[in-house]
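Q: here are the coordinates; sequence isn't available:
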């Protein structure tokens, strides 16, 4: 039970003799996380020290996922994959995944304060869609994991945080119909290795906790995206410069300002 989900353990007990590699086609949310500076730390730290550090780090990530009914599907190095799945579409899982993501960001901040010599800023990507979950492998070795474009897309969304200098990015389908969260639209983005663009947004905070400055930022940035997609580069620039006067280190504003200048 420490290595695979409880449900899988029950399946092994009650369905012994059935094909081990059988998987289930499910619908849900995939969360992909990655920690900056892990490679740098792994070069500097003794493997035993690194293992202790990463166990403490993952305990901070796992708790919000489990508290909001998520499933830890995979852990590798500094990356975690979590799932919220069921046979039919449910907005409840979208809400749970978003709550977990925001809590993870707060938990990582606490972790980084506790380990100032080993800070691990964390990027998160969320996507929604179909996925096959089951035992993947052959003959004498299987791993319980998720397979499908949902996993790949969540990973690409997570990586996009590098370019926007953000912490939580998600496909807008995840937050469609939810009114609990403050998000910033980033428009349609063609992610690395993908053939079709995905509409992205930054998950900022709960609406009830949002500061006036954060609300203002999202409202003005929505104007930026409308102007940008209409190829009104000068208008988009004006709005972006207005934002940067107030938030000089805002990553998405810097990203789109450079694009506008290029165009």
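A: Yep, it's here. These numbers were taken from a predicted model, which means no experiment stands behind them.
Q: can you map out the helices along the chain?
A: For the chain, the helices defined by DSSP state H occupy 6-14, 38-44, 47-67, 91-114, 149-164, 172-175, 212-229, 233-246, 251-262.
Q: Next, the angle helix 47-67 makes with the longest one.
A: Helix 91-114 and helix 47-67 meet at an angle of 150 degrees, taking axes from the mean of the first three to the mean of the last three Cα atoms, to 10 degrees as the criterion.
Q: who touches helix 91-114?
A: The contact list for helix 91-114 (Cβ atoms under 8 Å, 6 or more residues apart in numbering) reads 28-29, 31, 33, 56-57, 60-61, 63-65, 67-70, 82, 84-86, 119-122, 124, 126, 128, 167-168, 170, 174-175, 177-178, 180-181, 203, 205-206. Backbone N, C-alpha and C define where each C-beta goes, glycine included.
Q: just to revisit the earlier point, what's the closest of the helices of the chain to residue 137?
A: Closest to residue 137 of these is helix 6-14 (Cβ to Cβ; 13.5 Å).
Q: quick one: contacts for residue 231?
A: residue 263.
Q: and it, how far is that from residue 242?
A: Going from residue 231 to residue 242 by Cβ to Cβ, to the nearest Å gives 19 Å.
Q: list the buried ones in stretch 239-256?
A: Residues 239, 240, 243, 247, 250, 251, 252, 253, 254, 255, 256 are the ones in stretch 239-256 that count as buried (16 or more other Cβ atoms under 10 Å).
Q: Can you name the residues in contact with that stretch?
A: With contact meaning Cβ under 8 Å, 6+ apart, stretch 239-256 is reached by 163-166, 184, 186, 202, 213, 216-217, 220-221, 223-224, 227-228, 236, 257, 260.
Q: Same question for stretch 180-192.
A: Residues contacting stretch 180-192 (Cβ under 8 Å, 6+ apart): 95, 98, 102, 153, 156-157, 159-160, 164, 169-170, 172, 175, 196-208, 210, 214-215, 217-218, 221-222, 225, 228-229, 252.
Q: follow-up on the earlier one: can you redo the buried residues of stretch 239-256 as TSV with distance to residue 147 and pLDDT?
A: Shown next, in TSV, are the buried residues of stretch 239-256 (distance: Cβ to Cβ, whole Å; pLDDT from 0 to 100):
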residue	distance to residue 147	pLDDT
239	42	97
240	40	97
243	40	97
247	40	96
250	37	97
251	32	97
252	32	97
253	37	97
254	36	97
255	32	97
256	34	97
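Q: What is the nearest of those to residue 90?
A: Among these, residue 252 lies closest to residue 90 (Cβ to Cβ), at 29.7 Å.
Q: Quick one: closest of the helices of the chain to residue 134.
A: Short answer: helix 6-14, nearest of the helices of the chain by Cβ to Cβ, at 8.9 Å.
Q: mean confidence score for the longest strand anywhere in the chain?
A: Secondary structure of the chain per DSSP state E: the longest strand is strand 122-138. Averaging pLDDT along strand 122-138 yields 88.
Q: buried ones in it?
A: Residues of strand 122-138 classed as buried under the neighbour-count rule (16+ other Cβ under 10 Å) are 122-129, 131-135.
Q: just for this protein, where's the confidence low?
A: Within the chain, the ranges that satisfy pLDDT under 70 run 1-8, 11-22, 139.
Q: rerun at 50
A: Counting by pLDDT under 50, the chain has low-confidence residues at 17, 19-20.
Q: hmm, back to that, adding distance to residue 142, write the helices of the chain out as TSV.
A: Output for the helices of the chain, formatted as TSV (distance: least, Cβ to Cβ, whole Å):
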stretch	distance to residue 142
helix 6-14	10
helix 38-44	27
helix 47-67	22
helix 91-114	26
helix 149-164	17
helix 172-175	30
helix 212-229	44
helix 233-246	50
helix 251-262	41
